[in-house]
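Enquirer: fold the following.
(3 chains)
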Amino acid sequence: MKIPNDYQSPKTLEEAKAIQQNLRSQVIITDQLEPVQLVAGVDVGFEDNYALTRAAVAVLRFPELELVETAIAILPTCFPYIPGFLSFREIPAIIEALKKITIVPHLILCDGQGIAHPLRLGIASHLGVLIDCPTIGVAKSRLIGSHEEVNLEKGSQQPLIDQGETIGIVLRTKYKVKPLYISPGHRISLPTAIQYVLKSTTKYRLPETTRIADRLSKGRI
DNA sequence: GCGACAG
DNA sequence: ATCTTGTCGC
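Expert: Okay, the predicted model is just below:
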């Protein structure tokens, strides 16, 4: 993990599109990760009617899922929410929060898509390339792609397809509960990503990493 | 033109 | 994402 000191947020949508076009070729979706002993979850929340962006990071020991460290960062919101451009709104605060972490996670689970994105650069992929760290996209809903219905049993899955390409998987992490959209972020394959998400999920719909980061991003303990 | 649309 | 109390279902 190498945190850049020079992150600049685009001022226009055109500029953001150019950045995506430049970074999309750097995304790696083959396994290129160390044995995972530390998994992190990142999530973002807002305050003051969206004027402030609050990012949270939670690092857990793997596979025990015991909380090891947390950090939060609050920055002025710098980009509007536009489907397909979520990363430009959330990444600046996430990077600031990651700077405060004293231990380096081997894998990061992000709230949102990985390559299941029009340009194959969802927030998980974008963040992964920027900080050169393995990431997985764990989204609560669909951005693009189509899929068959997923059986109600925990562990059931269906490929997520776009333009004839498998870009992720729709995974039921809890019986009869809305499934999650999993896709490789960076330096990880889809099969491996699925395994890590399942191993990070216990009795709830969301992985423990995301649940803790989600709570922190909303200001609760 | 119309509908879809991560968080 | 966020605004918000009770409430239906397992």
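Enquirer: which bits of chain A sit near DNA strand B?
Expert: Residues of chain A lying close to DNA strand B by Cβ under 7 Å from any atom of the strand are A:43-44, A:81, A:83-87, A:111-113, A:117, A:122-123, A:137, A:139-143. Heads up, the C-betas are built off the backbone N, CA and C, glycines and all.
Enquirer: show me where chain A has helices.
Expert: A:13-23, A:86-99, A:123-131, A:190-200, A:208-217 (DSSP state H).
Enquirer: of those helices, which is nearest DNA strand C?
Expert: helix A:208-217 (6.4 Å; Cβ to the nearest atom of the strand).
Enquirer: give me the angle between that closest one and helix A:86-99.
Expert: Relative orientation of helix A:208-217 and helix A:86-99, computed by axes from the mean of the first three to the mean of the last three Cα atoms, to 10 degrees: 90 degrees.
Enquirer: grab the CA positions of helix A:208-217 and hand them over as CSV.
Expert: Extracted in CSV, the C-alpha atoms of helix A:208-217 (Å, rounded to 0.1, in the frame of the first residue of the first chain):
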residue,chain,number,x,y,z
GLU,A,208,-17.8,-7.5,9.4
THR,A,209,-15.2,-5.1,8.0
THR,A,210,-17.9,-3.0,6.2
ARG,A,211,-20.3,-3.2,9.1
ILE,A,212,-17.7,-1.6,11.5
ALA,A,213,-16.6,1.0,8.9
ASP,A,214,-20.2,1.8,8.2
ARG,A,215,-21.0,2.4,11.8
LEU,A,216,-17.9,4.6,12.2
SER,A,217,-18.7,6.6,9.1
